[in-house]
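[1] Have a look at this fold, sequence not included:
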């Protein structure tokens with residue numbers, strides 16, 4: 001591992017910058033007011049800042065601003081209402097129920113509103129420990145407002161100073177993830193490749209990339225100053241994002257059957273040459289991603305070009321050695337693989353160039369103006385809540401689960417006379433997530449992280465003698481905590497526990513060990529309740545959703561195929577329709593992959609037929625990969641080989657996918673005979689036979705060869721897709 005590169009990627013990432021912003025936003029009020037002897041007020045302001053920071057998730061700046069201001073208003077109401085009913089058990093029970101359900105249920109509106117609701121519940125729970133009365137409750141709420149507004153102004157001010165920084169960081173992170181995806185695909189070239197494991201890794205990585213690209217679409221296409229292309233920086237970021245999507249599409253292409261490729265060419269060494277080239281591409285993408293994150297152009301390098309020349313030379317030697325009537329068709333496919341690597345190399349150099357923010361080149365690039373088609377409109381219509389007000393909705397189930405778990409947690413904490421009952425509830429709302437698999441993972445990580453972090457915190461308290469040293473260590477631990485909060489929860493919990501321990505020690509060193517012991521007990525109780533709630537209280541198992549995911553993925557893949565295949569049948573490509581269908585197919589494929597991954601982490605008794613569903617997931621992934629490969633030939637293809645052949649096979653494949661959908665939806669199916677693939681293969685076989693005869697006669701450069709080089713790869717992809725569609729239909733019958 002290149003630790004220097006990893007370090008550079010980390011310190012220039014959004015997560016590290018976010019951690020510094022949050023740490024400053026939370027700690028500064030406490031530090032300033034502590035200096036003036038008003039630590040208690042400072043801590044309340046810090047609490048308000050912490051709550052608002054929870055809702056400050058990446059996105060367009062107007063959505064971030066509105067979300068933070070909404071959070072400020074909500075935490076004030078939550079604090080004041082809870083403060084006034086805190087001393088009335090019946091009212092508190094009603095308030096707890098209403099707040100937990102309503103603020104969890106609004107998560108149906110999406111991640112940002114869900115984060116706002118979480119902040120409201122967080123303040124409600126922390127207010128349970130407050131014993132203020134009368135006007136003091138209102139004053140406490142006003143201090144929370146002040147803390148929340150302080151953080152809001154800090155966040156907006158930092159954006160004003162560097163308005164493009166967050167997009168650069170997210171875009172760089174996306175390019176680095178695409179590089180990792182290339183690296184995983186390189187594993188297919190290993191002699192003893194574990195194909196199932198590699199496909200699983202690829203699908204997980206693709207889901208992460210789709211999430212990153214969805215976020216980037218939101219930030220880029222909903223930012224008016226960027227869409228209007230008013231600045232070189234904004235226009236450049238749009239271009240780099242557009243190019244990175246096309247590059248990711250290229251990385252998803254499948255040109256060949258890897259197992260057959262290994263059987264035929266393992267001894268030649270050519271596969272190792274391709275693999276080495278791919279790893280050079282990975283390094284280049286990491287360099288570009290780091291450059292975009294940091295806002296500095298990458299250093300110029302000739303390594304990629306030199307490696308490509310070596311591969312081209314090696315391939316020509318390999319082709320001359322292995323060219324014969326039996327292998328020439330395989331060599332055609334291998335040559336297409338080389339051409340794909342050449343195109344990817346060219347795209348990488350293009351990305352390198354745009355990271356220099358060259359004003360002249362940026363202006364020459366033609367951008368699409370159809371951005372509104374690629375983002376989902378933010379809709380807070382009450383109809384969304386009405387539609388989700390049913391046990392069929394996962395948002396509704398989650399809201400019920402959180403509410404019942406919090407009521408149970410509060411009751412158990414009081415029954416056991418736990419000193420800090422609010423910590424039990426805090427543990428519950430942090431751990432309890434809409435899906436069982438994530439809740440179970442969070443539960444495990446929370447418990448392990450708490451106990452490991454506690455030991456680390458004790459060690460730091462023992463090793464660091466001075467108060468200033470302990471405070472510096474706490475700040476450092478906070479930065480690490482928030483750096484990994486969204487990516488590596490276990491690491492985040494370990495450092496969070498350690499910094500909270502030091503924080504409590506600095507507040508009250510005399511009572512510290514009693515507080516420390518109580519926190520461990522409260523965390524354990526909260527974790528147990530959260531785990532039981534996830535399993536027992538209106539659980540939502542993924543197997544009930546898998547058919548929906550499969551249906552959506554198949555429908556969008558079918559649309560994607562129809563859009564691409566129409567190019568070969570009609571000779572025209574609708575660019576907007578193509579990009580939209582590609583986006584939807586990849587997103588639904590990622591949703592299916594995510595649902596399957598979550599199901600595998602659920603109890604065995606609650607899982608579906610893993611083997612069958614895994615087959616379907618891999619088939620849909622492979623289908624999309626071959627459609628990507630087919631799309632790669634679309635733009636340069638000359639429509640001169642008989643469009644009726646492509647019309648027929650397009651209709652046959654579409655019909656088979658429609659039949660598969662009907663089987664999955666348990667509808668009546670009238671299956672038809674599909675002859676187009678056979679007829680197209682026979683036409684190709686005639687050309688292949690003719691070419692073999694030419695080779696036997698020593699004829700190398702002929703018109704037949706030129707036709708085969710263009711025609712055969714296209715037909716091969718249609719035949720691959722036809723076979724996959726048939727396999728999908730056959731498997732769909734068992735659903």
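    Happy to help now that I have it. Bear in mind the structure is a predicted one, so any value in this text is a computation, not a measurement. Numbers count the residues shown, from 1 in each chain.
[2] Report all helices and strands that the lengthiest helix in the chain contacts.
    With DSSP state H setting the assignment, residue counts place helix 703-732 as the longest helix in the chain. Packing contacts for helix 703-732, counted by 3 or more C-beta pairs under 8 Å, 6 or more residues apart in numbering; DSSP states H and E, involve helix 328-354, helix 543-570, helix 610-634, helix 643-664, helix 676-696. Any C-beta I mention is one placed from the backbone N, CA and C, and that applies to glycine too.
[3] go with 7 Å
    Other helices and strands packing on helix 703-732, by 3 or more C-beta pairs under 7 Å, 6 or more residues apart in numbering; DSSP states H and E, are helix 328-354, helix 610-634, helix 643-664, helix 676-696.
[4] Any idea which of the ones you listed gets closest to residue 321?
    Nearest to residue 321, of all these, is helix 328-354, at 10.4 Å by C-beta to C-beta.
[5] Flag every buried residue along the closest one.
    Residues 328-338, 340-341, 344-345, 347-348, 350-352, 354 are the ones in helix 328-354 that count as buried (16 or more other C-beta atoms under 10 Å).
[6] Stretch 714-729 now?
    Using 16+ other C-beta under 10 Å as the test for burial, stretch 714-729 gives 714-722, 724-729.
[7] of all the residues you listed, which comes closest to residue 135?
    residue 728 (67.6 Å).
[8] Figure out which of the helices and strands packed on helix 703-732 is closest to residue 296.
    helix 328-354 (12.6 Å).
[9] Find the helix or strand that residue 284 is a member of.
    Per DSSP states H and E: residue 284 is located in helix 270-294.
[10] Oops, could you answer that again for residue 405 instead?
    helix 394-415.
[11] what does residue 506 give?
    helix 489-507.
[12] Following that helix in sequence, what is the next regular element?
    helix 512-536.
[13] Could you pull up the mean pLDDT of the helix holding residue 284?
    For helix 270-294, the mean pLDDT works out to 92.
[14] Distance of residue 301 relative to residue 286?
    From residue 301 over to residue 286 the distance is 12 Å, taken as C-beta to C-beta, to the nearest Å.
[15] higher neighbour count, the two?
    residue 286 (24 against 13; other C-beta atoms under 10 Å).
[16] quick one, what contacts the more buried one?
    5, 176, 179 (C-beta atoms under 7 Å, 6 or more residues apart in numbering).
[17] host element of the last one?
    Put plainly, it is residue 179. helix 165-185.
[18] That helix: which residues count as buried?
    Residues of helix 165-185 classed as buried by neighbour count (16+ other C-beta under 10 Å): 165-185.
[19] ok, then the element right after it?
    Following helix 165-185 toward the C-terminus (DSSP H and E): helix 195-221.
[20] tilt between that following helix and helix 610-634?
    Angle, helix 195-221 to helix 610-634, by axes from the mean of the first three to the mean of the last three C-alpha atoms, to 10 degrees: 60 degrees.
[21] tilt between helix 195-221 and helix 165-185?
    Computed by the same axes, to 10 degrees, the angle separating helix 195-221 from helix 165-185 equals 160 degrees.
[22] could you point out which element follows the helix or strand of the chain with the lowest mean pLDDT?
    The weakest-scoring helix or strand in the chain, judged by mean pLDDT, DSSP states H and E, is helix 224-227 (a mean of 60). Helices and strands here follow DSSP H and E; after helix 224-227, the next one along the chain is helix 232-251.
[23] So which elements touch that next one?
    The elements that helix 232-251 packs onto, with contact taken as 3+ C-beta pairs under 7 Å, 6+ apart, are helix 165-185, helix 195-221, helix 224-227, helix 328-354, helix 359-364.
[24] Next secondary structure element downstream of the helix holding residue 284?
    Next along the chain from helix 270-294, counting by DSSP H and E, comes helix 303-322.
[25] And for that next one, what's in contact with it?
    Here helix 303-322 makes contact (C-beta under 7 Å, 6+ apart) with 268, 270, 273, 277, 280, 284, 331, 338, 341, 342, 345, 348.
[26] And the furthest pair within the residues you listed?
    Farthest pair in those, by C-beta to C-beta: 284 and 331, 27.3 Å.
[27] Got the phi and psi for residue 128?
    Dihedral pair for residue 128: phi -60, psi -30, per degrees, to the nearest 10.
[28] Now it. Nearest residue, chain neighbours left out?
    Closest residue in space to residue 128, ignoring its immediate chain neighbours: residue 422 at 4.6 Å, by C-beta to C-beta, 6 or more residues apart in numbering.
[29] Would you enumerate the residues in contact with the one you found?
    125, 126, 128, 129.
[30] Would you state the secondary structure element containing the second one?
    Read that as residue 126. Per DSSP H and E: helix 111-127 holds residue 126.
[31] Run the chain-centre distance for that helix.
    23 Å (C-alpha atoms, centre = their mean, to the nearest Å).
[32] after that helix, next one along is what?
    Immediately after helix 111-127, counting by DSSP H and E, sits helix 135-161.
[33] tilt between that following helix and helix 111-127?
    150 degrees.
[34] Which other helices and strands does helix 135-161 contact?
    Here helix 135-161 touches helix 14-35, helix 39-55, helix 61-85, going by 3+ C-beta pairs under 7 Å, 6+ apart.
[35] now with 10 Å?
    Helix 135-161 sits against helix 14-35, helix 39-55, helix 61-85, helix 111-127, helix 165-185, with contacts defined as 3 or more C-beta pairs under 10 Å, 6 or more residues apart in numbering; DSSP states H and E.
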